[in-house]
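Visitor: From the sequence below, what's the structure:
(chains A and B)
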Amino acid sequence: MGETLFEVKNFSVTLNHTPIISDLSFKVEECEFLTILGPNGSGKSVLLKALLGLLPHEGELAWSAKPKIGYLPQGLNQASVRDLPLTVADFFALKRVRRADVSALLAQVGLDKGVLSARAGDLSGGEFQRMLVAWVLASDPTILFLDEPTTAVDAAGGETIYSLLEEIWRKRNLTVLNVTHDLNIVYAHSTNVLCLSRFGRRCFGAPREILTPAVLRDLYGAEVKFYTHEGKDER
Amino acid sequence: MTTELALSLTSGVFIAGAAAYLGTLMLSKRMAVVAGPLGHLALPGAALALVYGFSISLGAFPFVILGIVLIWLLEMRTKLPMEALTAIVFAGGVATAFLFLPIDRAEAALVGNILNVGPYETLAAVVLCLLVFIAINRGYANIMLVNIHEDMARIEGVNVRLYNLLYLGAIAIIVALGVDLVGGLLTAALVAIPAAAARNVSRTLPQYRFLAAAIGIVSAVAGILAATATGLPAGPLVIIASAIVFLGTVPFARP
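Guide: Residues are numbered from 1 along each chain as shown, chains lettered A, B, ... in the order given. Now for the predicted structure:
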């Protein structure tokens, strides 16, 4: 862990006169892998977008230095570009990435450079997501904002994507803000977790310390199963 | 070749080429359908131009701009889908046009007037089309990125507002010029058909961009030549030519 990268104080987001996030305060340190966890409707994606400046907010958001941000949005997948004659090479050309750099980036995410001539819309969900990770890394970001990056991928593929993201996070000394509703990945990949519930309850800290059965029950309701928590803890 | 034909062909080639090139972006945003209603909206302007005897495109342009601003404002206020709003605005445009459009001169507004285009109109069309082409070409990657995912484009440093404005401005110019070439009823086809045909047979983005413009240009030349040979109106023939090319590409289309 390093210096504070940014600090949020009394942060509130109101959309269409409805308060979505109110009076939230937390700090993110350099090289942290922070997962924003919560059930659907708890305002995770809204928080991420407000931190990115895509939605208006009240309160303070102070960066220690101007960040270079990479963003993997929710809902951008191979189906979004299926109608376009857009190859993987074309997709990188939209950002004017040099061909040699593209091959190196693809290698980092485990894709062969043969994929360059494939249509982006023909890739599998997992391949597209890897390609998108490489595409975002081309700008050499210092912080990655991930909004449910595995929604278009099956469970096994999702775990592979997270393993890849964790590897990249370690190698590049990145800071990661990751939004998910999936408890499984929290223990495996995060240094810290910020949990949001629909009822305004929050928690912040290292997942193994703060995600107690009582906290999870508050977050997700009584029906949540805890075997994942304990299973991961035993490893 | 007569001077009139040379002027018609020059205007036609530039307008159709630029419209088709712009169409490759509109198709990706499912916006091609909007060009049609905007063309219809240009009709009151075209009608005024015919009544007072000035260029149809010149008359059409302010009405298209007005339409775009109106649709943009209504979208912000109502959050209705762009297509629905465009339909509402265009119906108003057509209705207004028919109030004062002299029926005996309606043909030029409805199906275009490219065979009677003058030297100054041709010059204006060439200059405007070149401007649109250069602007769109320079901004192509960023507009495409905005089309694919607006928020991601914004985070990557794209000035989304600027590119949306550029994109809408280009649409306004092309629609206004398109009214002269194929008339208010067929401008959507001028934008959509060459791009759709090019999409059927392209594997890459550069192929798609090049082929769309080429198909637009070939259709304009074929339509105008067919019109001078047969005496039929040029606008519909230009569109029919591009529709034939489109049908020719269908066997090669990927599902």
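
Visitor: what's the longest helix along chain A packed up against?
Guide: Using DSSP state H, we find that the single longest helix of chain A is helix A:155-172. Packing partners of helix A:155-172 (3 or more Cβ pairs under 8 Å, 6 or more residues apart in numbering or on different chains; DSSP states H and E): helix A:125-137, strand A:143-147, strand A:175-180, helix A:183-189. Placement of C-beta: from N, CA and C, glycine included.

Visitor: now the most centrally placed residue in chain A: how far from residue B:89?
Guide: By Cα atoms, centre = their mean, chain A has its centre lying nearest to residue A:146, at 2.1 Å. Computed as Cβ to Cβ, to the nearest Å, the residue A:146 to residue B:89 distance reads 40 Å.

Visitor: what stretches of the chain score poorly on pLDDT?
Guide: All of this is about chain A. Flagging of chain A using pLDDT under 70 yields the residue ranges A:1, A:222-235.

Visitor: meant chain B actually
Guide: Across chain B, the ranges flagged by pLDDT under 70 are B:29-36, B:82-83, B:255.

Visitor: picking that back up, let me have the helices and strands packed on helix A:155-172 in a markdown table, adding distance to chain B as columns.
Guide: A markdown table is the format used below for these (distance: least, Cβ to the nearest Cβ, whole Å):
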| stretch | distance to chain B |
| --- | --- |
| helix A:125-137 | 8 |
| strand A:143-147 | 8 |
| strand A:175-180 | 12 |
| helix A:183-189 | 22 |
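
Visitor: Tell me which of these approaches residue B:224 most closely.
Guide: Residue B:224 lies closest, by Cβ to Cβ, to one member of those: helix A:125-137, at 43.4 Å.

Visitor: tell me which residues of that closest one are tucked away?
Guide: A:125-137 (16 or more other Cβ atoms under 10 Å in any protein chain shown).

Visitor: Just send these back as TSV, with distance to residue B:72 too.
Guide: Written out in TSV, the entries for the buried residues of helix A:125-137 read as follows (distance: Cβ to Cβ, whole Å):
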residue	distance to residue B:72
A:125	35
A:126	39
A:127	37
A:128	32
A:129	34
A:130	37
A:131	34
A:132	30
A:133	35
A:134	36
A:135	30
A:136	30
A:137	35
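
Visitor: Point out the residues in chain A that sit beside chain B.
Guide: A:49, A:52, A:54, A:69-71, A:73, A:76, A:80-81, A:83-87, A:89-90, A:93-96, A:119, A:139, A:145 (Cβ under 8 Å from any Cβ of the partner chain).

Visitor: mind listing what the closest residue to residue A:60 other than its chain neighbours touches?
Guide: In space, and not counting its chain neighbours, residue A:60 is closest to residue A:9: 4.1 Å by Cβ to Cβ, 6 or more residues apart in numbering or on different chains. Going by Cβ atoms under 8 Å, 6 or more residues apart in numbering or on different chains, residue A:9 touches A:25, A:59, A:60, A:62.

Visitor: Now with 7 Å, please.
Guide: Residues in contact with residue A:9 (Cβ atoms under 7 Å, 6 or more residues apart in numbering or on different chains) are A:25, A:59, A:60.

Visitor: The helix or strand that contains the first one pairs with which strands?
Guide: What it means is residue A:25. Assigned by DSSP states H and E, residue A:25 belongs to strand A:18-29. Here strand A:18-29 is paired, per DSSP bridges, with strand A:4-15 (antiparallel).

Visitor: List the buried residues of the strand it pairs with.
Guide: Quick answer for strand A:4-15 (16+ other Cβ under 10 Å): A:5, A:6, A:7, A:8, A:11, A:13.

Visitor: Nearest to residue B:251 among the residues you listed?
Guide: Residue B:251 lies nearest to residue A:13 out of the buried residues of strand A:4-15, by Cβ to Cβ, at 51.9 Å.

Visitor: Just list whatever residues bridge to that closest one.
Guide: residue A:21.

Visitor: Residue A:143 too?
Guide: Residues in a beta bridge with residue A:143, per DSSP bridges, are residue A:69, residue A:175.
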